[in-house]
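> sequence plus predicted model, see below.
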Amino acid sequence: MSWAAHELESYVLQKHIKAKVSFLAILLGCFWPDMITKGTVYGFDAFGWHFHPKNPNLYHRGWPGVGFTHSLFYGVVVALLVLWITKSRQWALGLLIGHWAHVFTDICDSVGVMLFFPFSTQHYTIGMWAYAAQQGRYGDAAAYYSSLGGVWDFFWLLMVLVSWRVLTRNYFFTRVVGDDPVWPWFRRRLKMSEVLMLALYRAYFLYGACRIFAWFFWARFIEKAPLDLSWGGPYWVTKVNVEQPSWGEFLFNAAYGAAALAAAMALLWWAVGRRLWRRAEAHDKARAKTSPKAGRPLVPAARSAASQHSS
């Protein structure tokens, strides 16, 4: 699992996606698979009720368990539900992109994900760093930020810094706000000021960056965990691996899973997806007619240009 990459990758994804898509939806999609799993994978006690998974990796990524949240098909189903409820193509597409980004990111640890569930329960992993949720929250953090997992988070931080324009005021009001009707709704209904909206947008970057440095220095100077940047590290943690079949069976399962996923997605699109997409398109056109300013920046063009130079 990643500790901060999911906060940061949403900025990079939103910048490089040419389609009109919601940043908030991408961000929520990047969080979505862990929203009902990461908080519980370490166990908790509440109101006399005790929940501590015996095998956190099986609970988090396997089946039976909640590992289905880290599958591609689950993201498709959630996106269609959102499209049906909200009639927003920007939100449906954003959630799907964010969810799939999370799934592919989690392939990097030693447990990986059931990419093609429910058509196959085979796990896909490159074993870049050790899955260590079984060590508890602090043990997991120490292992992650003492291995290539921490490097992975720093990589996404660097990617955002290279794409620094995504954090500017002008980019936010012309691209992010313009692509998502939720931001104007925040302003109208919640009386959010432009300053508050921009702060909210930048907050996730700040949170992710602070989280990386805080956990990294905690692992180095407080926990004093040995740094191990070898593939699959750190060496000192009891790494969880998944049992893999022979190469022949692995390739067969992968081909079957990919084909079944493609067929299921095509069937869903033919049965309900295209109708929901057309309905959402008609809804966008109707909204554009009743709200002529929909999709325009919240700030005047001259002010936006000045903000770009000052940012």
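Looks like it came in fine. Bear in mind the structure is a predicted one, so any value in this text is a computation, not a measurement. Residues are numbered from 1 along each chain as shown.

> so how many other residues sit close to A271?
For A271, the count of nearby residues is 10 (other C-beta atoms under 10 Å). The way it works is simple: take the backbone N, C-alpha and C, and place the C-beta from them, glycine included.

> let the chain start at 31 from now.
Okay, using 31 as the starting number, the last item reads as A301.

> in the protein, where is pLDDT below threshold?
31, 321-341 (pLDDT under 70).

> I156 belongs to a strand?
No - the assignment for I156, made by DSSP: H, G, I helix; E, B strand; the rest coil, is coil rather than a strand.

> just the CA trace of stretch 111-120, in CSV.
Below are the C-alpha coordinates for stretch 111-120, written out as CSV (Å, rounded to 0.1, in the frame of the first residue of the first chain):
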residue,chain,number,x,y,z
LEU,A,111,-23.4,4.2,-10.1
VAL,A,112,-22.0,7.7,-9.8
LEU,A,113,-23.0,8.4,-13.4
TRP,A,114,-26.5,7.2,-12.7
ILE,A,115,-26.9,9.2,-9.5
THR,A,116,-25.2,12.5,-10.4
LYS,A,117,-25.6,12.6,-14.2
SER,A,118,-22.0,13.9,-14.2
ARG,A,119,-19.6,12.5,-16.8
GLN,A,120,-16.8,14.5,-15.2
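
> what residues sit buried inside that stretch?
112-113, 116-120 (16 or more other C-beta atoms under 10 Å).

> cool, stretch 305-314 as well?
306-307, 310, 314.

> of those, closest to K84?
Set against K84, the nearest of the buried residues of stretch 305-314 by C-beta to C-beta is L306 (40.4 Å).

> any idea which helix or strand carries the closest one?
helix 304-320 (DSSP states H and E).

> turn the buried residues of stretch 305-314 into TSV, including distance to V192.
Formatted as TSV, the buried residues of stretch 305-314 follow (distance: C-beta to C-beta, whole Å):
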residue	distance to V192
L306	36
W307	34
A310	33
D314	32
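
> which two from these end up farthest apart in space?
L306 and D314 (12.7 Å).

> just the helices in the stretch 131-280 of the chain please.
166-174, 178-192, 199-201, 212-219, 224-247, 277-298 (DSSP state H, counting those that start in this stretch).

> could I get those in CSV, plus columns for distance to T151 and mean neighbour count?
Converted to CSV, the helices of the stretch 131-280 of the chain look like this (distance: least, C-beta to C-beta, whole Å; neighbours: other C-beta atoms under 10 Å):
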stretch, distance to T151, mean neighbour count
helix 166-174, 24, 21
helix 178-192, 24, 18
helix 199-201, 42, 21
helix 212-219, 36, 15
helix 224-247, 32, 16
helix 277-298, 9, 14
